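Colleague: got a sequence here, can you model it:
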Amino acid sequence: MLQRLNDFLHGFELRSTGKWFVLSALVGLVVGLAAIAFQFLGQAVGHYAMGRLGGYSPAEPAGEHSFFDKHDSELNLGMLIVVMVGGGLASGIIVSRFGPEAAGPGTDAVIDAFHNERGTIRARIPLVKTIASAITLGTGGSGGREGPIAQIGGGIGSLLATRLELSDRDRRILLAAGMGAGVGAIFRAPLAGALFAAEILYKDADLESDAIVPSAIASIVGYSVYSLSLSDAKRFAPLFGDVPDYGFVSLMHLLPLVLLAVVLVLVGVLYIKVFHHTQSVFARLPVPVYLRPAIGTLIAGCLAAALFSAMGEDRRTLSVLSTGYGALQDALNPHDGVAVKLFILIAFVKILTTSLTLGSGGSAGVFGPSMVIGGCVGVAVGSWLHAYFPSLVPEPGLYAIVGMAGFFAGTAHAPISTIIMVSEMTGEYSLLLPTMWVSTLCALLCRRWTIYLHQVPTRIESPAHRGDFIVDVLEGIRVAEVYQPDPNIKFIPESMSLDDIVHTLAETQQHYFPVADEAGKMVGIFSSDDVRLYLYDETIWHLAVARDVMVTDIVSVTPEDDLNTALRRFTSLNLDELPVLDPHDSGKLLGMLRRKETIAFYNRQVLKHKQGIDAGSIGS
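Modeller: Okay, the predicted model is just below:
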């Protein structure tokens, strides 16, 4: 079946609409099913581990569909911490044994694969990430679903492209499409998912434009498939249910939002620094890798227990565990007398528990915690300002929505997709102006810091686009077109003495000397410079032979290699000549490729290209 699909797709032109519609829709279909499986598995682990054993069922967003009925039971905090440690250990073992790249936030790994790995993600990673993340979140580890589903979706897109033998460019586009489909499906935000996949790859204001349309198609299909698992009442409802219509009627209300943006940036920088510092601490920890997530979740569980006790056993404090969406739902629908202290504590302890869970190698995402932190900080700032300036800040709940968007826009440098995603998740579109205002300010003020270390500034700096912005005149030109086979190359027998080698050098202009064994096969090479090292020590002239002078790790090329490969090998050891070997017999020397000849050929090609451009300009 794959072969038939492969033949069908290769019948389209590279940029054919039909080709990308088929590929993107197929990715969206598979990723949508994978999102259902991931959501179900995560809820199953949470139901039986946290719910049955620990007596804790985390509050979910109002629009979330649950596959399991919640049951009230007495909280067993000690057992909950045991469950967390067990989940951390299980996740650590699975990840370290089957897929180390599935550790930590998955989105950063996808960004790395896009820029540095030709869009390649190992075939097993989507399955490993699904299981490990479901265990991490289902046992109380603090994290989000965005990272796992981004890596799961990206891995599916990469796998499909590899199986269909598509180009590296096509594989990168399908990787991004899979990431967008996953995020669009599980957060029920198809437009945001498409833009997220194109925007999250870069630190500055840049987009992966080639991926937008395929990501949009995949996101729509993925969202549609995922929605089939939802109940009728929630199928088209936003994730966070019916958020009050706060409205926005005065431009003067933008002024206090500047203060919110500043606070969000300060907390965001703290979050980034704590997160990355925790990663570095655990990376140096002298314990087996698979034990580190258990240690991280143990400390996170103890912090949650301490906060729970300090705040009078208020169950809302346990939102510092798992996704924490319950606290965010409360922030979006604040009641009279918002507990400012409670939300501030939840935000700062959430920073610690997320850093401990993911920094130790736990498998989850950073988008969910970022929304919880931003929403809690937002409603706390909004409630404080409302107490002193009620006319400027009439609705503290508005600050929760704006805080969600602004915080992640700053820490992840993705303001456009975040603005749309928060609007789709809350169903609140009347706040686009204040959300854009705060998100833009946060993105500008937080430009020096990012939660995703593998983001590159722009497309120009991305290895994925190396050559897009310059003309590579050597592309596709083979070594066979430049080098001249030379039957007169002087071979040195490997048993020839150094004394005879010195006299041979005096009789030839040859600079590099291949060394042959008794069968005439090339086994090494040396240069005249290598021999000069022995010229001032005549005592070893009759003791040393060619085997002692030559190097066996031969830097060479074949006639089928392109000239880019040859130039890289010339510069790797500052060589002047490269042996050209038979691709089917590495012991057979065909000739020598000289650096001067290659550079001269390059200059001729540049001149031809320049003349072609000038002629085209005159003709136009």
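Colleague: low-confidence stretches in the stretch 151-300 of the chain?
Modeller: Low-confidence segments of the stretch 151-300 of the chain (pLDDT under 70): 249.
Colleague: ok, 80 please
Modeller: Applying pLDDT under 80 to the stretch 151-300 of the chain flags residues 205, 231-237, 241-250.
Colleague: quick one, helices of it?
Modeller: Here the stretch 151-300 of the chain has its helices, by DSSP state H, counting those that start in this stretch, at 168-186, 190-199, 212-227, 254-283, 292-310.
Colleague: next: the stretch 501-620 of the chain.
Modeller: For the stretch 501-620 of the chain, the helices defined by DSSP H, counting those that start in this stretch cover 528-532, 546-549, 563-572, 595-619.
Colleague: on that earlier part again, out of the helices of the stretch 151-300 of the chain, which is the most enclosed?
Modeller: Across the helices of the stretch 151-300 of the chain, averaging neighbours per residue (mean count of other C-beta atoms under 10 Å) puts helix 168-186 on top, at a mean of 32. (Glycine included, C-beta is placed from N, CA and C.)
Colleague: please identify which of the helices of the stretch 151-300 of the chain is closest to S586.
Modeller: Relative to S586, the nearest member of those by C-beta to C-beta is helix 168-186, separated by 27.1 Å.
Colleague: and that closest one with helix 190-199, angle?
Modeller: Relative orientation of helix 168-186 versus helix 190-199 (axes from the mean of the first three to the mean of the last three C-alpha atoms, to 10 degrees): 140 degrees.
Colleague: what's across from the spatially closest residue to L590 that is not a sequence neighbour in the sheet?
Modeller: Using C-beta to C-beta, 6 or more residues apart in numbering and skipping the chain neighbours, the partner closest in space to L590 is V580 (4.7 Å). Counting by DSSP bridges, V580 forms beta bridges with V557, G591.
Colleague: residues near the residue lying closest to V30 once chain neighbours are set aside, how many?
Modeller: Using C-beta to C-beta, 6+ apart and skipping residues adjacent in sequence, the residue nearest V30 is I156, 5.2 Å away. Using other C-beta atoms under 10 Å, I156 has 30 other residues around it.
Colleague: Provide a list of residues in contact with I156.
Modeller: 27, 30-31, 34, 126, 178 (C-beta atoms under 8 Å, 6 or more residues apart in numbering).
Colleague: so L255 sits right up against S391, yeah?
Modeller: No - under the criterion of C-beta atoms under 8 Å, L255 makes no contact with S391, lying 11.5 Å away.
Colleague: how does the protein divide into domains?
Modeller: 2-67+76-465, 479-606 (automatic domain parsing).
Colleague: among the ones you listed, which is the most enclosed?
Modeller: domain 2-67+76-465 (a mean of 22).
Colleague: still on that earlier bit, of all the contacts of I156, which two lie farthest apart?
Modeller: Longest span within those, C-beta to C-beta: V27 and P126, 11.8 Å.
Colleague: tell me, what's touching these two both at once?
Modeller: 153, 156.
Colleague: returning to what we had before: confidence-wise, which of the domains of the chain is weakest overall?
Modeller: Across those, domain 479-606 has the smallest mean pLDDT, namely a mean of 81.
Colleague: out of the helices of the stretch 151-300 of the chain, which gets nearest to G378?
Modeller: That would be, of these and by C-beta to C-beta, helix 254-283, which comes in at 6.3 Å.
Colleague: the closest one versus helix 292-310: what angle between them?
Modeller: 130 degrees.
Colleague: give me the three-state assignment for the closest residue to P58 other than its chain neighbours.
Modeller: In this structure, P58 finds its nearest non-sequential neighbour in S322, 4.7 Å apart by C-beta to C-beta, 6+ apart. Under DSSP: H, G, I helix; E, B strand; the rest coil, S322 falls in the coil class.
Colleague: cool, and L41?
Modeller: L41 is classified as helix under three-state DSSP.
Colleague: surely it meets A132?
Modeller: No - counting by C-beta under 8 Å, L41 sits too far from A132 to count as a contact (10.6 Å).
Colleague: how near is S586 to P579?
Modeller: 10 Å (C-beta to C-beta, to the nearest Å).
Colleague: now do the strands in the stretch 1-150 of the chain.
Modeller: 104-105 (DSSP state E, counting those that start in this stretch).
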